[in-house]
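Trainee: Below: sequence and its predicted model.
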Protein chains: 2
Amino acid sequence: MQNYDLIVVGGSAAGITAALTARKFYPDKSILLIRDVKNVPIPCGIPYVFGTVKAPMKNLMPVDTMMQNAKVDIQITTVTKINPEFKIIFTSDNHKEGMTYERLIIATGSLPIIPNLKGIEKHNIFAIKKNPEFHQLMLEELDKAKNLVIIGGGFIGAEFAEECRKRHPELPISIVEMQEHCLQLVYDPEYCTMAEKGLADQNITLLTNEKVVAFTGNESVAGVELESGKVIPADMVILGIGCSANVDLAREAGLRIGPARGIYVDDHMQTSNLYIYACGDCADKVSFFDGKPSALKLASIATMEARIAGANIFKTNRKNIGVVGCFATVLNNQAYACAGLTETQATKLGYKIAVGSAESVNRHPGMMPGSALMKVKLVFELKSQILLGGQIIGALSAGELINGVSAMIGKKMTADDIATFQAGTHPALTASPVAYQLVNAAENALLKIRALI
Amino acid sequence: MQNYDLIVVGGSAAGITAALTARKFYPDKSILLIRDVKNVPIPCGIPYVFGTVKAPMKNLMPVDTMMQNAKVDIQITTVTKINPEFKIIFTSDNHKEGMTYERLIIATGSLPIIPNLKGIEKHNIFAIKKNPEFHQLMLEELDKAKNLVIIGGGFIGAEFAEECRKRHPELPISIVEMQEHCLQLVYDPEYCTMAEKGLADQNITLLTNEKVVAFTGNESVAGVELESGKVIPADMVILGIGCSANVDLAREAGLRIGPARGIYVDDHMQTSNLYIYACGDCADKVSFFDGKPSALKLASIATMEARIAGANIFKTNRKNIGVVGCFATVLNNQAYACAGLTETQATKLGYKIAVGSAESVNRHPGMMPGSALMKVKLVFELKSQILLGGQIIGALSAGELINGVSAMIGKKMTADDIATFQAGTHPALTASPVAYQLVNAAENALLKIRALI
């Protein structure tokens, strides 16, 4: 009977990172990673397969190479059952004897949410699975489509719309969004409006405040029926309304499920079973800010949790401070990045806040090559002046700067800390030190804080 | 007799930022800014005038507009004397009566170091003054030059060499550097070597381990004589060997001079006189790491100090934690960014350290547009695991990421903090969350730390 010190179930961002981290911390342990697909797509890269990257097989994680280099064994099979009492797992290739483990990490990820709507079973309605063969099928349907409708105007929906537009400049593309704005859960309204303009400029129709009630058609989808009575023609529909934790295996094994519907974990990523840890989209999450359940599911959170789970698996080393939330995307050639709470979210959570914004081109003088406008907005708790969130829009280097903001939130930096931190600048890389957006946004927030307290 | 609540002497990065900050903190105070040049160049932009930007008048700070918007008065004149006893300053336009101040901020900057060498007085040897009319003269001489020699292979020397190369593809250009490597004070040897290769690729001759002993020629320079006996032909010489604090005015006023030869200031930027503050290149500095005198002079430090001086000028608000040091430049289309201590510097200071490096392209998958390699090297104190420094080379977004590293140093983040901080990633903006360089460099340092302690 095969035995491993550690078995990791799941071969996407969380599983890979957990295995690599465990290997770094425990060089002598035997480790097996089990995944159920042969080819693992880069999850955040999936929308780009449909435009920029062109082919699903160009969007793969080099899992096998990484595991071989780290001396981690691999099996491609489906885990069918976990027996925590005897520390055995069973797979579709080994359903009798099973394999024993000393420790187990569950990283089974998430499954796309499929709404219970009339006609949802029709052909050509796609929930986005993490499987390149499936993406190839979608691509073939996309090339035949006459009317594409995307349900959900969050990151994924907006990215899919833009990438499909790149592949098919003339295809009618619509996004249906329940909220007042696209990207509303991630940005404050003024930035959502910018993103909406960007979509319109690319001839993508955005329908907000609209709820899907049914899909029309015979075998194949023919239209999307909205609560308002409108019916949009659609021979292809992509669902981008989020995903839910894949907890079936864990639930059947008797592990506790948390309030955010993921596998319950403590701040060391340990589940309700002493020998089983979980990380990534399948694990329950709490907010860094108030400790309450968080529904966020991001590769950046998954890998952070995996670095904690992998390090702690034989000896507690690391602690999870909770979900800060740090995102970025590119829409219409502008970066949209955010970390922590938006002004809207912070207000809704009951914080008294002060907000500061600053904008400047990211070069000095502004005629230096590559110059692009960058806007920074920071949200601070009024009394403590602690940073709660930041949004950065514009130049693509926002994708790196937002991670500085994320670290600042994690370390509870104040407006004053940020206003006086040492930001390096250079004519060919950033705004001038006088106009540096991050620092000036903090200074401008301080102006408001002084006026308010 | 004119009276101001606050007079700021100096109109470059520090003076401007001090005046703007004082205005934000003290909206009702009368503020005057005095500068001695009509047009204020962007200091870090000066090398770019000779290549990318083309004209000195395109490299100006909009000082007048900024001051007018902030309701700060301006005088263009030279301050000739400060009388701290009666709180009066005299200028070349007002040398009898003078003007009184309640508070004074000295931001007189620095002067280029002119080495006491034989022949230094010859025509066409240029120390870089912060004056666009002077840059215009240099540009005219550059266009006539047959052999350009740059003394000093630090940032300024390397930037000047590259920019002059852009303007004159065929001009013989040499850099003479005393140290073993160019950029040696800022980067570890492996990165200096990369920069040296970049210079060679642009047909720029670098002479290291070479000391200038004299300049030959009659009225005009004709050659640079080196200690090794070599003489390099040169009809134009640019000195890029650093600058010294401009403290004459302060010294004559009886203010104390500090051990780094700047105007002494405490951690609130107050000089030895209760009513006078100083900031920027003219102010003495101490290192964040050991509190010892620091010779660093950077616009980023100057503006940070100015934000402290301006805020504290009527009421203490802010404290200076000392110089972290955060730089960036672009050489041969690669960003070179660093913050804090290099491995070499930390070792020299007596730290026991562990170093971790990681590299990856800054996109995922790597074929996404704009993909460029980015290498991150982090230096940690071994026992505490606290971050001492970081170097980032490659993709231009390093210019923003290094500021995250600077904040992490300032907040004394540990290798573990960085290995588990929440870094957002995106296919079109950064490396994947599995390969994110900053996090993996910290993880790799931890591997070494565990092996060493």
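Mentor: Now that the structure is in, tell me what you want to look at. Quick caveat: nothing in here was measured; it's all calculated off a predicted structure. Numbers count the residues shown, from 1 in each chain, chains lettered A, B, ... in the order given.
Trainee: In chain A, which strand is the longest?
Mentor: If you go by DSSP state E, chain A has its longest strand at strand A:94-106.
Trainee: Now tell me what touches whatever helix or strand comes next after it from outside.
Mentor: Elements were assigned by DSSP states H and E; along the chain past strand A:94-106, the next helix or strand is strand A:110-112. Counting contacts by Cβ atoms under 8 Å, 6 or more residues apart in numbering or on different chains, the residues outside strand A:110-112 that touch it are A:127, A:128, A:129, A:239, A:242, A:243, A:244, A:245, A:246, A:281, A:282, A:297. (C-beta placed from N, C-alpha, C; glycine too.)
Trainee: Give me the buried entries from the residues you listed.
Mentor: Of all these considered here, the ones buried according to neighbour count by 16 or more other Cβ atoms under 10 Å in any protein chain shown are A:127, A:128, A:129, A:239, A:243, A:244, A:245, A:246, A:281, A:282, A:297.
Trainee: Quickly note the distance from the fifth one to chain B.
Mentor: To tie it back to what came earlier, the one meant is residue A:243. Noted for residue A:243: a distance of 16 Å to chain B, by Cβ to the nearest Cβ, to the nearest Å.
Trainee: what's that residue in contact with, if anything?
Mentor: Under the criterion of Cβ under 8 Å, 6+ apart, the contact list for residue A:243 reads A:110, A:111, A:112, A:113, A:281, A:297.
Trainee: The residues you listed: which two are farthest apart?
Mentor: Farthest-apart pair in the contacts of residue A:243 is A:113 and A:281; separation 12.0 Å (Cβ to Cβ).
Trainee: Residue A:60 is in contact with residue A:39, correct?
Mentor: Yes. In this structure, residue A:39 is within contact of residue A:60 by Cβ atoms under 8 Å, at 5.3 Å.
Trainee: on that earlier part again, including secondary structure, could the contacts of strand A:110-112 go into CSV?
Mentor: Putting the contacts of strand A:110-112 into CSV (DSSP: H, G, I helix; E, B strand; the rest coil) gives the following:
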residue, secondary structure
A:127, strand
A:128, coil
A:129, coil
A:239, strand
A:242, coil
A:243, strand
A:244, strand
A:245, strand
A:246, coil
A:281, helix
A:282, helix
A:297, coil
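Trainee: which two in the residues you listed are spaced the farthest apart?
Mentor: In the contacts of strand A:110-112, the most distant members under the criterion Cβ to Cβ are A:239 and A:282, with 19.8 Å between them.
Trainee: okay, now residue A:140: neighbour count?
Mentor: The number of residues packed near residue A:140 is 10, by other Cβ atoms under 10 Å in any protein chain shown.
Trainee: which other residues reach the helix or strand it falls within?
Mentor: Taking DSSP H and E as the criterion, residue A:140 maps to helix A:132-144. Residues from elsewhere that reach helix A:132-144 (Cβ under 8 Å, 6+ apart): A:39, A:41, A:46, A:49-50, A:56-57, A:59-60, A:124, A:126, A:148, A:164, A:167-168, A:235-236, A:238.
Trainee: what's the answer for stretch A:71-83, then?
Mentor: Counting by Cβ under 8 Å, 6+ apart, the neighbours of stretch A:71-83 from elsewhere in the structure are A:4, A:8-9, A:11, A:19-20, A:23, A:30-38, A:63-64, A:67-68, A:88-95, A:98, A:104, A:106, A:249-250, A:252-253, A:276.
Trainee: Please apply the same query to stretch A:175-188.
Mentor: Outside stretch A:175-188, the residues within contact range by Cβ under 8 Å, 6+ apart are A:149-155, A:157-158, A:161, A:189, A:191-193, A:195-196, A:199, A:204-212, A:224, A:226, A:232, A:327, A:336, A:338, A:342-344, A:377, A:391.
Trainee: cool, stretch A:440-453 as well?
Mentor: A:354-358, A:360, A:376-378, A:380, A:382-383, A:385, A:390, A:415-416, A:418-419, B:21, B:24-25, B:307.
Trainee: Give me the subset of those residues lying in strands.
Mentor: Counted as lying in strands by DSSP E, out of the contacts of stretch A:440-453, are A:354, A:355, A:356, A:357, A:358, A:360, A:376, A:377, A:378, A:380, A:390.
Trainee: Now, of those, which are buried?
Mentor: In terms of neighbour count (16+ other Cβ under 10 Å), the buried residues within the ones in strands among the contacts of stretch A:440-453 are A:354, A:355, A:356, A:358, A:360, A:376, A:377, A:378, A:380, A:390.
Trainee: Now distance to chain B too, for these, in CSV please.
Mentor: Compiled in CSV, these are given as follows (distance: Cβ to the nearest Cβ, whole Å):
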residue, distance to chain B
A:354, 14
A:355, 16
A:356, 11
A:358, 12
A:360, 12
A:376, 11
A:377, 16
A:378, 13
A:380, 15
A:390, 11
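Trainee: how about the residues of the stretch 1-150 of chain A that lie near chain B?
Mentor: Neighbours of chain B within the stretch 1-150 of chain A, by Cβ under 8 Å from any Cβ of the partner chain: A:13, A:16-17, A:20-21, A:24-25, A:42, A:44-45, A:48, A:52-53, A:58-61, A:66.
Trainee: try it again with 6 Å
Mentor: Counting by Cβ under 6 Å from any Cβ of the partner chain, the positions of the stretch 1-150 of chain A adjacent to chain B are A:13, A:16, A:17, A:24, A:42, A:44, A:45, A:48, A:59.
Trainee: Sweet, I'm off.
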